[in-house]
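> What would the 3D arrangement of this be:
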Amino acid sequence: MFEGLRVALVQDWLTEMGGAEKVFAELLEIFPNADVFTLVASDDVVKKLGIKKGVTESFICHLPFAKKWYRKYMQFFTMAIEGFDLSNYDLVISSSSSVAKGVLTRADQVHICYCHSPARYIWDLCPQYLKESGLNSRYNPLAFYARKVMHDFRIWDVVSANRVDYFIANSNFISNRIKKVYRRDSTVIYPPVNVDEFELSSEHDDYYYTASRMVPYKKIDLIVKAFAKMPDKQLYVAGTGPDMDKIKSFVAPNIHLLGYVSDDEMKKYMLRAKAFVFAAEEDFGIVPVEAQATGTPVICYGKGGALETVVDGVTGVYFKEQTEESLIDAVNRFSEMSFDHTVIRKNAERFSQKIFRDNIRDFVDSVMKS
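Predicted structure coming up:
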């Protein structure tokens, strides 16, 4: 369909395999001859993505310890992304939750941004990031510098949004955020979920399951504390991260911390769980969709992308507040309900890789013809 089209794919960074990287993997499948640009990349992720042509990295990759601590160089992100020479391409597609959308293009080039979110650490989550970093004091010179960097970043972020010809949002939730921050319209194309990797199960054991990186906004501590107050209900928790020690302090006999689990182990726990528990306010949230692909219902915080992937009372149950009491109430309501596992699986199929690829191809085809 796109033979002869010179395509550049731009990603913020390629340092670990998360949701954004799974989207990027699909873009590579659609445009296998595209050239790849990113601030910094790890060899492991490049290998997993199957990028054979190599990756063009920014100058940040040459800074000390950049492969691991690249976020420490945030003050250079905007300069670095503007340093790529993309003048030889007909189409530029950026996959952005930070600065990738800020690449420089000519007037006769088409730039499509698949936006996972406007950079949350400089917008709605800015106070939280500053607090967690110990940079929320008025009298700390380093805190003053961090606020100045974020202030300048916000100005650049809005200005650089005007460089994008077409925005694609990963959910209606993010489409609204793009409108709020950038005053730009966007088309919603949901991220791809490999639902075919997950088999449907109609038999489920008597335990609840959650899996996530242990970071504050994922609210794993909330889930653990809530289940500690429900000793008759078993909870299995998969994942590691900075909050692990804190979460360990809340553990009760009915709660089982699994630490890191492989993809195969993840599927086994998901397949047999009574329900998957999800307490974060996510932009989209791939893991709850994966749970539904196995026929497992989801108990989730009723805000953000979960409102678009989980159907309350049909494929799961919402709780309205990020509090222990609200989650406990949802678990109790869930216990009185029954679910059709085939219907749950069918809901997950709305987000398949094939649908994503077809939607992206159609979108690109339409804008390149316009």
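> Poorly predicted segments of this structure, please.
Applying pLDDT under 70 to the chain flags the ranges 125-126, 129-130, 132.
> Next, residue 338: phi, psi?
Main-chain dihedrals, residue 338, degrees, to the nearest 10: phi -120, psi 150.
> count of residues packed around it?
By the measure other CB atoms under 10 Å, the count of residues near residue 338 is 5. C-betas here are computed from N, CA, C, even on glycine.
> now the helices for the stretch 201-350 of the chain?
For the stretch 201-350 of the chain, the helices defined by DSSP state H, counting those that start in this stretch cover 220-228, 244-248, 263-272, 286-293, 306-309, 324-335, 341-348.
> for the ones you listed, which one ends up most surrounded?
Highest mean neighbour count of the helices of the stretch 201-350 of the chain: helix 286-293, a mean of 26 (counted as mean count of other CB atoms under 10 Å).
> now the farthest one out in this protein, which residue is it?
residue 139 (34.2 Å; CA atoms, centre = their mean).
> which stretch of helix or strand covers that residue?
Using DSSP states H and E, residue 139 is not contained in any helix or strand.
> in the stretch 151-300 of the chain, which spans are strands?
166-169, 187-188, 208-211, 235-238, 255-259, 275-278, 298-301 (DSSP state E, counting those that start in this stretch).
> could I get these as a markdown table with distance to residue 360 and mean neighbour count?
Putting those into a markdown table (distance: least, CB to CB, whole Å; neighbours: other CB atoms under 10 Å) gives the following:
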| stretch | distance to residue 360 | mean neighbour count |
| --- | --- | --- |
| strand 166-169 | 8 | 23 |
| strand 187-188 | 10 | 14 |
| strand 208-211 | 27 | 24 |
| strand 235-238 | 31 | 22 |
| strand 255-259 | 35 | 15 |
| strand 275-278 | 26 | 26 |
| strand 298-301 | 26 | 27 |
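> Output those strands in JSON lines; the columns should cover distance to residue 103.
Shown next, in JSON lines, are those (distance: least, CB to CB, whole Å):
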{"stretch": "strand 166-169", "distance to residue 103": "14"}
{"stretch": "strand 187-188", "distance to residue 103": "20"}
{"stretch": "strand 208-211", "distance to residue 103": "34"}
{"stretch": "strand 235-238", "distance to residue 103": "36"}
{"stretch": "strand 255-259", "distance to residue 103": "38"}
{"stretch": "strand 275-278", "distance to residue 103": "33"}
{"stretch": "strand 298-301", "distance to residue 103": "34"}
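> Show me the one of those that comes nearest residue 144.
Nearest of the strands of the stretch 151-300 of the chain to residue 144, taken as CB to CB: strand 166-169 at 33.2 Å.
> Return the list of strands paired to that closest one, each annotated with direction.
Under the criterion DSSP bridges, strand 166-169 sits next to strand 110-115 (parallel), strand 187-188 (parallel) in its sheet.
> For the longest one, C-alpha coordinates in PDB please.
So that's strand 110-115. The C-alpha coordinates for strand 110-115 follow below in PDB (Å, rounded to 0.1, in the frame of the first residue of the first chain):
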ATOM      1  CA  VAL A 110       3.300  14.900   6.600                       C
ATOM      2  CA  HIS A 111       3.800  14.500  10.300                       C
ATOM      3  CA  ILE A 112       1.300  12.200  12.200                       C
ATOM      4  CA  CYS A 113       1.700  12.000  15.900                       C
ATOM      5  CA  TYR A 114       0.300   8.900  17.700                       C
ATOM      6  CA  CYS A 115      -0.100  10.500  21.100                       C
END
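> Run the chain-centre distance for that strand.
17 Å (CA atoms, centre = their mean, to the nearest Å).
> mind checking how far residue 45 is from residue 25?
The gap separating residue 45 from residue 25 is 10 Å, by CB to CB, to the nearest Å.
> cool, residue 349 as well?
Residue 349 sits 19 Å away from residue 25, going by CB to CB.
> Between these two, tell me which one has more neighbours.
More neighbours surround residue 25 than the other of residue 349 and residue 25, with 18 against 15 (other CB under 10 Å).
> how about the helices of the stretch 201-350 of the chain, which one is nearest residue 178?
Of the helices of the stretch 201-350 of the chain, nearest to residue 178 by CB to CB is helix 306-309, at 15.1 Å.
> How about residues contacting the closest one?
Here helix 306-309 makes contact (CB atoms under 8 Å, 6 or more residues apart in numbering) with 171-173, 190, 278, 282, 284-285, 288-289, 292, 298, 300, 318, 347, 351.
> buried ones in the longest helix along the chain?
Ranked by residue count and defined by DSSP state H, the top helix of the chain is helix 141-161. Within helix 141-161, the residues scored as buried using 16 or more other CB atoms under 10 Å are 143, 146-147, 149-150, 153-154, 156-157, 160-161.
> name the helices or strands packed onto the helix or strand where residue 356 lies?
For residue 356, the host element (DSSP H and E) is helix 353-369. Counting contacts by 3 or more CB pairs under 8 Å, 6 or more residues apart in numbering; DSSP states H and E, helix 353-369 is packed against helix 19-30, strand 91-96, strand 110-115, strand 166-169.
> hmm, 6 Å instead?
Counting by 3 or more CB pairs under 6 Å, 6 or more residues apart in numbering; DSSP states H and E, the packing neighbours recorded for helix 353-369 are helix 19-30.
> Render the CA-only coordinates of the helix it packs on in PDB, please.
Presented in PDB, the C-alpha positions along helix 19-30 are these (Å, rounded to 0.1, in the frame of the first residue of the first chain):
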ATOM      1  CA  GLY A  19       2.800  -0.100  26.200                       C
ATOM      2  CA  ALA A  20       4.200   2.600  23.900                       C
ATOM      3  CA  GLU A  21       6.900   0.200  22.700                       C
ATOM      4  CA  LYS A  22       4.200  -2.300  21.800                       C
ATOM      5  CA  VAL A  23       2.500   0.300  19.700                       C
ATOM      6  CA  PHE A  24       5.900   1.100  18.100                       C
ATOM      7  CA  ALA A  25       6.400  -2.500  17.300                       C
ATOM      8  CA  GLU A  26       3.100  -2.500  15.300                       C
ATOM      9  CA  LEU A  27       4.100   0.600  13.500                       C
ATOM     10  CA  LEU A  28       7.300  -1.200  12.400                       C
ATOM     11  CA  GLU A  29       5.200  -4.100  11.200                       C
ATOM     12  CA  ILE A  30       3.100  -1.700   9.000                       C
END
